[in-house]
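*Asks:* Structure of the sequence below:
(one chain, ligands or ions: 1)
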Amino acid sequence: MFSKKAVYVGNLKLGGNAPVRVQTMLWRPLPDLDGNIRDLDMAIRYGAELIRVAFPDTSDFKYLKKLVEISKVPIVADIHYDPKLALLALEAGVSKLRWNPGTISRERIKDVIHQLVERKVPLRLGYNFGSIPTDRIRTGEHLEDAIIRIAMEDVQMLRDMGLEDIVISIKSSSPLETIRVNEKLARVFDGPIHIGVTEAGPLLQGTIYSASALGHLLLEGIGDTIRVSLSAEPWQEVQVAYEILCAVLGRCRGVRVISCPRCARSTGPVWEVAEEVKRRFGHISVPLTVAVMGCSVNGPGEASHADIGVAFGGPGMAVVFAGGRIVETFKYSTVEDIIEKISQYVAQIEEARKI
Ligand code: SF4
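*Replies:* Now for the predicted structure:
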């Protein structure tokens, strides 16, 4: 979206005027092909546009190839240590390579670069604060400045070798450091930038860390592709990525839930229904807003901008409202009854918006 230069990852345009691309990474060892295919499908269902896979061993070649064959979105191979793995990944048909330049010597990459150029496959140089070779840092140099300088030296070297399709990421586990270094990078690098907070933590903490850094950068026009790095499932990373894009860029996907915190006026299971709505309808591709409000006195008015909402009334009673007006009153005895009612309206709206 924001970089001057664009690259193509398979058919997917990255940078230039393309939308910010959402990616995630599979976590199972490659021989667990069934598990990886399940995770891949689920992540794509939630909107992943690019899937990264670590390729740590030549014996995993057939599994990587299979994933490339069946995936509906481009596969990116993550390579450490061994350029032979990069060549094999290209043979498997991956659409992009990512390596951490700190782990592959510059002298050993000529064949890989040649193949990348031949096959028109881009390379992401993925720098992490924790893995910059100390011999490349000048005495007294600030680490952020050193990473930027090293990255631009690497880019120049690759361009001299004929490779133009380059993406850069510089990740830190600190949101503030991530913001600062990417602001500096965007001033000197004209290609696509991949942004993310590395090792951001489990779901809640990782979401907050990622949202604070990525939200800030995206509002500044920095970041052409994002990964929310969580100790959680790939589909959850994708879901959080879209929450961030929805919050800061208005690029929404799936159901947005508006739910009240509850107060003494509340008569129903707001929290449980809100969670279940998100879980059940989070993957749908049509953006729509569902409200779950604790009382039918204030709820419909407070959430009048929702496409559809439920609010609780007398014992076992709830109303469905749309545009701030009550359209149906119904009885429920379980959370599932309420979800069933909501799903009827969600299906109608989804159908209408698809056309
Ligand atoms: S919608 Fe009703 S229950 Fe929920 S916080 Fe507002 S007043 Fe309280």
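*Asks:* Would you map the helices across the stretch 201-350 of the chain?
*Replies:* Taking DSSP state H, counting those that start in this stretch as the criterion, the stretch 201-350 of the chain contains helices spanning 203-219, 234-249, 270-281, 299-302, 335-354.
*Asks:* and the last one, how far out from the chain's middle?
*Replies:* Pointing back at helix 335-354 there. On the basis of C-alpha atoms, centre = their mean, to the nearest Å, helix 335-354 sits 26 Å off its chain's mean C-alpha point.
*Asks:* before we move on, the earlier item: reformat the helices of the stretch 201-350 of the chain as TSV; add distance to the ligand and mean pLDDT.
*Replies:* Backbone N, C-alpha and C define where each C-beta goes, glycine included. Below are the helices of the stretch 201-350 of the chain laid out as TSV (distance: least, C-beta to the nearest ligand atom, whole Å; pLDDT from 0 to 100):
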stretch	distance to the ligand	mean pLDDT
helix 203-219	22	97
helix 234-249	21	96
helix 270-281	7	95
helix 299-302	4	87
helix 335-354	15	92
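*Asks:* Is it possible to get TSV of these that adds mean neighbour count?
*Replies:* Below are those laid out as TSV (neighbours: other C-beta atoms under 10 Å):
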stretch	mean neighbour count
helix 203-219	20
helix 234-249	22
helix 270-281	18
helix 299-302	22
helix 335-354	15
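*Asks:* list the helices and strands the helix or strand bottoming out on mean pLDDT in the chain packs on?
*Replies:* Using mean pLDDT, DSSP states H and E, the weakest-scoring helix or strand in the chain turns out to be helix 299-302, at a mean of 87. With contacts defined as 3 or more C-beta pairs under 8 Å, 6 or more residues apart in numbering; DSSP states H and E, helix 299-302 has these neighbours: strand 288-293, strand 308-312, strand 317-322.
*Asks:* Tell me which of these sits nearest to the ligand.
*Replies:* strand 288-293 (4.2 Å; C-beta to the nearest ligand atom).
*Asks:* still on that earlier bit, for the helices and strands packed on helix 299-302, which one ends up most surrounded?
*Replies:* Of all those, strand 308-312 carries the top mean neighbour count, a mean of 27, counting by mean count of other C-beta atoms under 10 Å.
*Asks:* Against the ligand - does that one have any residue that ends up touching it?
*Replies:* No. On the criterion C-beta under 6 Å from any ligand atom, strand 308-312 is out of touch with the ligand, staying 6.9 Å away.
*Asks:* so what strands line up beside that strand?
*Replies:* With DSSP bridges as the test, strand 308-312 is paired with strand 288-293 (parallel), strand 317-322 (antiparallel).
*Asks:* For residue 64, grab the count of nearby residues.
*Replies:* 25 (other C-beta atoms under 10 Å).
*Asks:* Now it: which helix or strand?
*Replies:* Using DSSP states H and E, residue 64 sits within helix 61-70.
*Asks:* Starting from that helix, tell me the next helix or strand along the chain.
*Replies:* strand 75-79.
*Asks:* tilt between whichever helix or strand comes after that next one and strand 75-79?
*Replies:* Using DSSP H and E, the helix or strand that follows strand 75-79 in sequence is helix 83-92. Helix 83-92 runs at 170 degrees relative to strand 75-79, counting by axes from the mean of the first three to the mean of the last three C-alpha atoms, to 10 degrees.
*Asks:* on that earlier part again, right, so of the helices of the stretch 201-350 of the chain, which gets closest to residue 5?
*Replies:* helix 203-219 (18.0 Å; C-beta to C-beta).
*Asks:* for that closest one, packing partners?
*Replies:* Using 3+ C-beta pairs under 8 Å, 6+ apart, helix 203-219 sits against helix 175-188, strand 194-195, helix 234-249.
*Asks:* Of the ones you listed, which is nearest residue 223?
*Replies:* strand 194-195 (4.0 Å).
*Asks:* Quick check: chain neighbours aside, which residue is closest to the residue in the stretch 151-300 of the chain that the ligand sits nearest to?
*Replies:* Closest residue of the stretch 151-300 of the chain to the ligand, C-beta to the nearest ligand atom: residue 294 (2.7 Å). Distance criterion C-beta to C-beta, 6 or more residues apart in numbering; nearest residue to residue 294, sequence neighbours excluded, is residue 266 at 2.9 Å.
*Asks:* Tell me how far residue 129 lies from residue 144.
*Replies:* Going from residue 129 to residue 144 by C-beta to C-beta, to the nearest Å gives 8 Å.
*Asks:* anything in contact with each of these two?
*Replies:* residue 177 (C-beta atoms under 8 Å, 6 or more residues apart in numbering).
*Asks:* Just the CA coordinates for the helix holding residue 64, please, in CSV.
*Replies:* The C-alpha coordinates for helix 61-70 follow below in CSV (Å, rounded to 0.1, in the frame of the first residue of the first chain):
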residue,chain,number,x,y,z
PHE,A,61,11.2,-31.0,0.7
LYS,A,62,8.2,-33.2,-0.3
TYR,A,63,6.0,-31.7,2.4
LEU,A,64,6.9,-28.2,1.4
LYS,A,65,6.1,-29.0,-2.2
LYS,A,66,2.8,-30.5,-1.3
LEU,A,67,1.8,-27.4,0.7
VAL,A,68,2.8,-25.2,-2.3
GLU,A,69,0.6,-27.4,-4.6
ILE,A,70,-2.5,-27.3,-2.5
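*Asks:* how close does residue 296 get to residue 134?
*Replies:* 64 Å.
*Asks:* Who has more neighbours out of the two?
*Replies:* More crowded of residue 296 and residue 134, by other C-beta under 10 Å: residue 296, with 22 against 7.
*Asks:* can you pull the contacts of the more buried one?
*Replies:* Contacts of residue 296 (C-beta under 8 Å, 6+ apart): 311-313, 318-319, 326.
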